[in-house]
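Peer 1: coordinates only, sequence not included:
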């Protein structure tokens, strides 16, 4: 096999280092552009140009725009979970449960807003709407409500709280009802405190 | 114009009486079949046969199966609103607000389950998800929470409570999590009482 395939997992040596570097550059550029303009306004050309690489490199690394956005969502979801499960307070375990719950909701509001395009598509499909990523969030909110000493049907409270983080709901509140992310964060805090009896 | 059109709003005399009778027979039959088997299992043939009319009459009266189901949903929605706005207790205005809120949720769970096919389709579209019928429900829950003397951000509490009546959520709870409508009714009651401080 005299031909070396530099696009797949077999790459090695300088090509592999270049590939990893380009991948990181593209994800960083995409993350910045999405945060600034919303995913739906960001094109492959924008991303390639902001990363200083050719457009072909984007396709070689991620297959498609949707592929890149999925990797971005996945990386951010992992970083987000890391932060609320193991990170510093107020998200992480050193803060009291109610403070963690409030911080969690406020952070997820921003997360859901940033990734609204992909999350909203996933939301249309009940399988993914109630699938594994949502289960991690449910479990986390359940544990925090329980640790905060809430009474009554905790499952129902988890599902009710998480409805305020639904990407379509957030978008509706922001676009149709003129709310801000800060106001939605206050609403989350108000409900979290109420359920925990504070 | 010697030809009389018996299918449209111009019909009169015996034809109009027949048309109204067939319409009522078909809606009653459809309502019974949907309640017994779920809308997705009910065909036009089933409905025509249960109503004792020809299949052609169903198409003449409602245009299509989807047309009939929409009329059924609309009639049931109107009857349901009539009941919780003006009907006897515990749904209607003579009962205390918390009792009305509990009865409202329990009745809407059954309503959402019966009409899950159409409501779930409407749910996929944020325009109809947050459109006029949903606004009537939001307003009703808001007024009851307020009358029950709840504190904190009432809008957030309304949205959180109504998430428990989402048709896809109900279906997920029943099918994937082995819950019953009675258990979901208890969960609704638990959250309603908690928000109202009882």
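Peer 2: Alright, I've got the coordinates. All values derive from a computational prediction rather than experimental measurement.

Peer 1: average pLDDT for the helix or strand encompassing residue A:58?
Peer 2: For residue A:58, the enclosing helix or strand under DSSP states H and E is helix A:55-62. On average, the pLDDT along helix A:55-62 is 88.

Peer 1: On the three-state scheme, residue A:150 is what?
Peer 2: Of the three states, residue A:150 takes coil according to DSSP: H, G, I helix; E, B strand; the rest coil.

Peer 1: right, and it touches residue A:197 too?
Peer 2: Yes - Residue A:150 is within contact range of residue A:197, at 6.9 Å (criterion: CB atoms under 8 Å). The C-beta positions use only the backbone N, C-alpha and C, and glycine is treated the same way.

Peer 1: Among those two, which residue is more densely surrounded?
Peer 2: Neighbour count, other CB atoms under 10 Å in any protein chain shown: between residue A:150 and residue A:197, residue A:150 has more, with 23 against 12.

Peer 1: so what's that one up against?
Peer 2: A:157, A:195-197 (CB atoms under 8 Å, 6 or more residues apart in numbering or on different chains).

Peer 1: switch the cut-off to 10 Å
Peer 2: Residue A:150 makes contact with A:97-98, A:101, A:142, A:144, A:157-158, A:192, A:194-198, B:194 under the criterion CB atoms under 10 Å, 6 or more residues apart in numbering or on different chains.

Peer 1: again with residue A:76
Peer 2: A:27, A:31, A:34-35, A:111, A:114-115.

Peer 1: What values do phi and psi take at it?
Peer 2: Dihedral pair for residue A:76: phi -70, psi -40, per degrees, to the nearest 10.

Peer 1: any common contacting residues for residue A:150 and residue A:197?
Peer 2: Residues touching both residue A:150 and residue A:197 by CB under 10 Å, 6+ apart: A:98, B:194.

Peer 1: quick one: which of the contacts of residue A:76 has the most company?
Peer 2: Of all the contacts of residue A:76, residue A:34 has the most neighbours under the rule other CB under 10 Å, reaching 24 neighbours.

Peer 1: In three-state terms, label it for me.
Peer 2: Put simply, residue A:34 is helix when judged by three-state DSSP.

Peer 1: Return the residues in contact with the residue nearest to it when sequence neighbours are not counted.
Peer 2: Of all residues not flanking residue A:34 in the chain, residue A:42 sits nearest, at 5.6 Å (CB to CB, 6 or more residues apart in numbering or on different chains). Applying CB under 10 Å, 6+ apart, we find residue A:42 in contact with A:29-30, A:32-36, A:50, A:65, A:68-69, A:117.

Peer 1: Buried ones only from those residues, please, as a ChimeraX command.
Peer 2: One line in ChimeraX is enough to select the buried ones among the contacts of residue A:42; burial here means 16 or more other CB atoms under 10 Å in any protein chain shown:
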select /A:29,30,33,34,50,65,68,69,117
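
Peer 1: pLDDT value on the residue nearest to residue A:34, please?
Peer 2: 90.

Peer 1: And the average pLDDT for the helix or strand containing residue A:105 is what?
Peer 2: For residue A:105, the enclosing helix or strand under DSSP H and E is helix A:97-114. Helix A:97-114 shows a mean pLDDT of 96.
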